[in-house]
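1. here is my input, please return the structure:
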Amino acid sequence: MASIPRINYQHLMYFWSVVRTGSLTRACEELALSAPTVSSQLRILEERLGEKLLLKSGRNLVPTDVGKMVYSYANEIFSLGQELLDALEQRPSSRPLRLVVGIDDVVPKEIAYQIVEPGMHLEQSVRVVCRESTLERLIADLAVHDIDVVLSDAPVTPTLNVRVYSHPLGSCNVYWMATPALARTLRRGFPQSLDGVPALLPTDDTAIRRALDQWLDRQNVRPLPLGEFEDYAMLREFARAGHGFAPVPSVLEAQFRRDNGFVRIGMARGVKAEFYAISAERKIRHPAVIAMTDSARQLFAQK
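-> Next comes the predicted model:
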């Protein structure tokens with residue numbers, strides 16, 4: 001009787017890491033192993049399966065057609081394994097439930113707080129860990145289950161080549177706001193009054209910036225981009241100091257009036273600030289993330 005081929009799941013994980021990161025070097029850093037060690041284990045995996053799985057493309061390794069199929073199965077295998085660990089971790093116990101949230105830099109921290117905070121009100125105590133970075137870095141951490149959920153202003157695009165799921169939380173209008181003195185001068189003749197005026201904007205690689213640029217083009221208005229910010233908190237501080245006018249999601253208007261003294265200039269009609277929870281699983285199971293997403297949808301439904 002012929003023996004049935006067996007898969008070494010450690011070797012499969014090395015292959016999965018190389019494809020997911022797009023680089024042998026990055027995979028070795030993630031796995032804390034040397035390149036010769038990982039390379040030799042990949043060769044053993046290919047010999048065991050009897051198929052070529054990876055090809056060189058410049059300095060990177062890319063999967064063959066068979067490699068793509070193997071990667072798809074590996075993704076399911078390791079996602080299921082993580083779900084098992086999550087299920088065990090989330091059993092009722094005396095220790096706090098751990099919730100790791102990745103927050104895209106462009107998401108206003110005031111909104112991130114309003115989304116995350118309801119996740120702390122479970123019968124079991126919750127310990128929250130928040131990490132802020134670029135969406136690409138956070139998605140990489142999400143893919144290896146170092147993060148439970150990522151908050152972003154846009155869904156994940158297929159170009160990232162990572163199997164994750166974008167769950168819409170809702171959207172709201174966007175207002176142009178500024179200090180009272182600046183707002184008074186800009187209200188007259190809005191939106192043409194914005195032409196040539198210093199503006200404080202998110203960086204041009206963000207979804208909200210692209211929508212705002214399109215709105216300005218439709219109005220035939222060309223403000224002076226005095227500053228571009230990945231971190232919305234920095235944008236807010238420059239606006240509070242009177243350096244220019246800035247876009248503010250309507251869900252934050254009352255808070256920005258109260259805490260920062262901002263005044264509304266006018267609405268960027270047709271522009272919506274959108275927000276998403278991105279998870280490694282199609283159906284969210286983490287109880288704190290479920291509480292977060294349910295509350296967030298109610299929050300944006302009111303706006």
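2. quick check on residue 166: phi, psi?
-> Main-chain torsions, residue 166, degrees, to the nearest 10: phi -100, psi 120.
3. what about it, how many residues nearby?
-> Counted with other CB atoms under 10 Å, the neighbours of residue 166 add up to 15. The way it works is simple: take the backbone N, C-alpha and C, and place the C-beta from them, glycine included.
4. for it, which non-adjacent residue is closest in space?
-> In space, and not counting its chain neighbours, residue 166 is closest to residue 155: 3.5 Å by CB to CB, 6 or more residues apart in numbering.
5. what does residue 185 give?
-> Sequence neighbours aside, residue 193 is the residue nearest to residue 185 in space, at 7.3 Å (criterion: CB to CB, 6+ apart).
6. picking up where we left off before, separation between the residue nearest to residue 166 and residue 111?
-> Separation of residue 155 from residue 111 (CB to CB, to the nearest Å) stands at 17 Å.
7. now do the domain split for the chain, please.
-> 9-87, 96-303 (automatic domain parsing).
8. and residue 130, that's in a strand?
-> Yes - if the criterion is DSSP: H, G, I helix; E, B strand; the rest coil, then residue 130 is within a strand.
9. quick check: the residue nearest to residue 185 touching residue 183?
-> No - between residue 193 and residue 183 there is no contact under CB atoms under 8 Å: 10.3 Å.
10. give the buried residues for stretch 292-303.
-> 292, 293, 295, 296, 297, 299, 300 (16 or more other CB atoms under 10 Å).
11. so which strand or helix has the last one?
-> Element membership of residue 300, judged by DSSP states H and E, is helix 287-301.
12. just checking, what packs against that helix?
-> strand 97-104, helix 109-116, strand 165-178, strand 263-279 (3 or more CB pairs under 8 Å, 6 or more residues apart in numbering; DSSP states H and E).
13. ok, residues contacting the second one?
-> Meaning helix 109-116. Residues outside helix 109-116 that contact it (CB atoms under 8 Å, 6 or more residues apart in numbering): 101, 103, 128, 130, 151, 169, 232-233, 249, 251-252, 255, 275, 277, 292, 295-296, 299.
14. what's the answer for the first one, then?
-> Outside strand 97-104, the residues that touch it by CB under 8 Å, 6+ apart are 89-90, 109, 112, 116, 119-120, 122, 124-135, 138, 141-142, 146-153, 286-289.
15. buried ones in it?
-> 97, 99, 100, 101, 102, 103, 104.
16. can you add distance to residue 85 and pLDDT and give these back as TSV?
-> Formatted as TSV, the buried residues of strand 97-104 follow (distance: CB to CB, whole Å; pLDDT from 0 to 100):
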residue	distance to residue 85	pLDDT
97	13	86
99	15	93
100	13	94
101	18	96
102	18	95
103	23	95
104	25	91
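17. out of these, who's nearest residue 13?
-> The closest of the buried residues of strand 97-104 to residue 13 turns out to be residue 100 (CB to CB; 20.8 Å).
18. how much space between that closest one and residue 148?
-> Noted for residue 100: a distance of 5 Å to residue 148, by CB to CB.
19. could you do residue 294 as well?
-> 15 Å.
20. kindly report the same for residue 56.
-> As defined by CB to CB, residue 56 lies at a distance of 35 Å from residue 148.
21. and the two? Which one has more around it.
-> For residue 56 versus residue 148, the count of surrounding residues by other CB under 10 Å is larger for residue 148: 25 against 9.
22. buried sites along the lowest-mean-pLDDT helix or strand in the chain?
-> In the chain, the helix or strand scored least confidently by mean pLDDT, DSSP states H and E is helix 65-89, which has a mean of 79. Going by neighbour count (16+ other CB under 10 Å), the buried part of helix 65-89 is 67, 70, 71, 74, 75, 78, 79, 86.
23. for stretch 267-286, same thing?
-> Under 16+ other CB under 10 Å, the buried positions of stretch 267-286 are 268, 271-281, 284, 286.
24. shaky segments in the stretch 101-250 of the chain?
-> Low-confidence segments of the stretch 101-250 of the chain, defined by pLDDT under 70: 159-160.
25. rewinding a little: hey, which of the domains of the chain is tucked in deepest?
-> For the domains of the chain, the largest average neighbour count (mean count of other CB atoms under 10 Å) is found in domain 96-303, namely a mean of 18.
26. just how off-centre is that one within its chain?
-> Distance of domain 96-303 from the chain centroid (CA atoms, centre = their mean, to the nearest Å) equals 11 Å.
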